[in-house]
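A.B. asks: 3D, please:
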Amino acid sequence: MAKRSKFQSPTGMHDILPENQKYYKRIYDVVSDIADFYGFGKIDTPIVEETELFSKGIGLATDIVKKQMYTLKTRGGDSLALRPEGTAPIARAYIENGMQSRPQPLKLWYFGPFFRYERPQAKRYRQFWQFGFEALGEKSPVIDAQIIQIFYNILRELKLKNLLVEVNSIGDSQCRPYYKKLLASYFRTREASLCFDCKRRLRENVLRILDCKEEKCQPIKAEAPQILDHLCDECRAHFKEVLEFLDEIEIPYNLNPYLVRGLDYYTKTVFEIFLEKTSNGEISQSALAGGGRYDKLIKLFRGKETPACGAAAGIERIIDLMKSQKIKLPSETEPQIFLAQLGSLAKRKSLKLLESFRKSKIKVAESFGRDSLNAQFNRADKLGVKYTLILGQKEALEEVVIIRDMKTGKQETVKLDKVVEKMKKRLKK
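C.D. replies: The predicted structure is shown next:
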């Protein structure tokens with residue numbers, strides 16, 4: 001039995017092993033290509049930010065701020081937090097770097113780790129990876145539709161099936177206050193039946209009740225007043241256009257009047273993308289991606305009033321689904337040449353030869369740590385290479401290499417300084 005290490009990864013955090021790196025790379029490549037096509041520039045913000053950036057931007061009553069942030073005090077007394085989400089740092093960077101003066105909308109995307117202290121469970125981690133897209137400086141509803149389209153296209157490009165968009169409008173400062181009063185009045189008469197957290201939400205921010213996943217709250221929530229019946233003219237017109245754009249680009253969506261998202265900065269459009277059906281035929285309860293419009297966030301951080309829209313997607317959830325749906329990744333270039341060597345002089349020559357192949361972008365496998373030629377030939381057989389290059393002490397002294405055709409067994413001796421060009425020609429054939 002293997003000895004258990006004294007040290008383990010922190011609870012809720014995990015190593016990304018080589019066999020999983022290919023999934024992260026695949027997602028990164030797809031996201032990067034689509035970002036480039038739609039004109040989004042990559043941005044990396046610090047992993048830590050001032051704690052107030054999140055408490056002010058996300059909202060003091062949200063679960064993220066109340067329960068889930070990793071915070072720390074520096075030696076100088078500053079309060080910092082590991083970033084729990086990506087939009088507030090983007091808003092801070094937009095103001096700090098004077099991006100208002102650039103051509104608008106400013107389109108940015110990111111890809112990296114985020115942190116939330118919550119109870120670890122399947123597909124939920126305390127350190128998790130996300131990618132996100134943000135478009136700042138444009139109020140047109142076409143941007144809302146484009147952000148939804150981008151995330152839908154990325155998930156489709158990754159070959160995920162049965163995707164469904166849920167979309168809603170949560171209004172703005174003109175119509176939402178009245179709706180919140182209606183909602184509070186409705187839930188107060190049913191407070192005894194609400195879960196513990198929703199009783200607290202009723203006092204702090206009643207909209208958060210609509211985001212509750214507890215089973216006992218679902219029938220009460222289903223009878224609550226719907227915000228779509230109480231939108232102001234501007235919000236109604238904006239949302240109508242968003243839906244018309246989605247219809248035009250043929251993205252399947254459901255209207256979900258109780259979708260509010262868990263952050264306070266959202267206004268007007270909000271959306272989430274789910275799997276319509278999971279492996280057992282049920283609708284997934286975990287969103288793959290989600291976001292919406294946040295027209296007041298920049299002003300909240302003392303910038304100019306700037307309309308904006310964005311979203312993020314959870315990379316670990318996407319990888320889990322890619323595996324469960326048995327999605328094949330694009331095949332990597334496999335080596336067609338194996339370099340076998342014997343003796344210290346041959347090893348030195350082989351190191352130099354390997355570098356020549358690298359510069360010519362020809363992938364070559366090797367087992368420099370093994371001295372047995374039989375062991376190296378066995379390795380070449382397992383890899384299924386077309387050719388093995390053999391370099392022993394005699395060949396190293398004579399500055400030659402033996403090329404062995406692994407299919408026919410035929411061998412040819414060529415000069416060491418000619419072997420790369422020779423192999424280029426053979427591989428082309």
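A.B. asks: how about the closest residue to residue 187 other than its chain neighbours, secondary structure?
C.D. replies: Leaving aside its chain neighbours, residue 187 sits nearest to residue 202 (5.3 Å; criterion: CB to CB, 6 or more residues apart in numbering). (Glycine included, C-beta is placed from N, CA and C.) The local conformation at residue 202, judged by DSSP: H, G, I helix; E, B strand; the rest coil, is helix.
A.B. asks: Test my guess that residue 210 contacts residue 224.
C.D. replies: Yes. Using CB atoms under 8 Å, residue 210 is in contact with residue 224, at 7.0 Å.
A.B. asks: intersection of neighbour lists for the two?
C.D. replies: 183, 258 (CB atoms under 8 Å, 6 or more residues apart in numbering).
A.B. asks: Tell me which of these two has more neighbours.
C.D. replies: residue 210 (23 against 17; other CB atoms under 10 Å).
A.B. asks: Next up, the contacts around the more buried one.
C.D. replies: 183, 221, 224, 258-260.
A.B. asks: please redo it, this time with the cut-off set to 7 Å
C.D. replies: Shown in contact with residue 210 (CB atoms under 7 Å, 6 or more residues apart in numbering): 221, 258, 260.
A.B. asks: And residue 43, by the same measure?
C.D. replies: 90, 93, 108, 110.
A.B. asks: Please tabulate those residues in TSV, including the columns neighbour count.
C.D. replies: Below are the contacts of residue 43 laid out as TSV (neighbours: other CB atoms under 10 Å):
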residue	neighbour count
90	25
93	18
108	22
110	24
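A.B. asks: Kindly present those residues as TSV, with separate columns for distance to residue 337 and pLDDT.
C.D. replies: Below are those laid out as TSV (distance: CB to CB, whole Å; pLDDT from 0 to 100):
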residue	distance to residue 337	pLDDT
90	46	97
93	46	97
108	43	98
110	39	98
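A.B. asks: Could you tell me which of those belong to helices?
C.D. replies: Residues of the contacts of residue 43 located in helices (DSSP state H): 90, 93.
A.B. asks: Pick out whichever of the contacts of residue 43 sits closest to residue 9.
C.D. replies: Of all the contacts of residue 43, residue 9 sits closest to residue 110, with 24.0 Å by CB to CB.
A.B. asks: Quick check: bridge partners of that closest one?
C.D. replies: residue 132 (DSSP bridges).
A.B. asks: Correct me if wrong: it contacts residue 134.
C.D. replies: No. With contacts counted by CB atoms under 7 Å, residue 110 stays clear of residue 134, the gap being 8.0 Å.
A.B. asks: show me what contacts the residue nearest to residue 187?
C.D. replies: Contacts of residue 202 by CB under 7 Å, 6+ apart are 184, 187-188, 191, 194, 209.
A.B. asks: Which members of these are the farthest-apart pair?
C.D. replies: Once CB to CB is applied, the contacts of residue 202 give 184 and 194 as the farthest pair, at 12.1 Å.
A.B. asks: helix, strand or coil for residue 184?
C.D. replies: Under three-state DSSP, residue 184 comes out as helix.
A.B. asks: How about the secondary structure of residue 197?
C.D. replies: Once three-state DSSP is applied, residue 197 turns out helix.
A.B. asks: Relative to residue 206, how far out is the closest residue to it other than its chain neighbours?
C.D. replies: Leaving aside its chain neighbours, residue 197 sits nearest to residue 212 (6.8 Å; criterion: CB to CB, 6+ apart). Applying CB to CB, to the nearest Å, the value for residue 212 to residue 206 is 11 Å.
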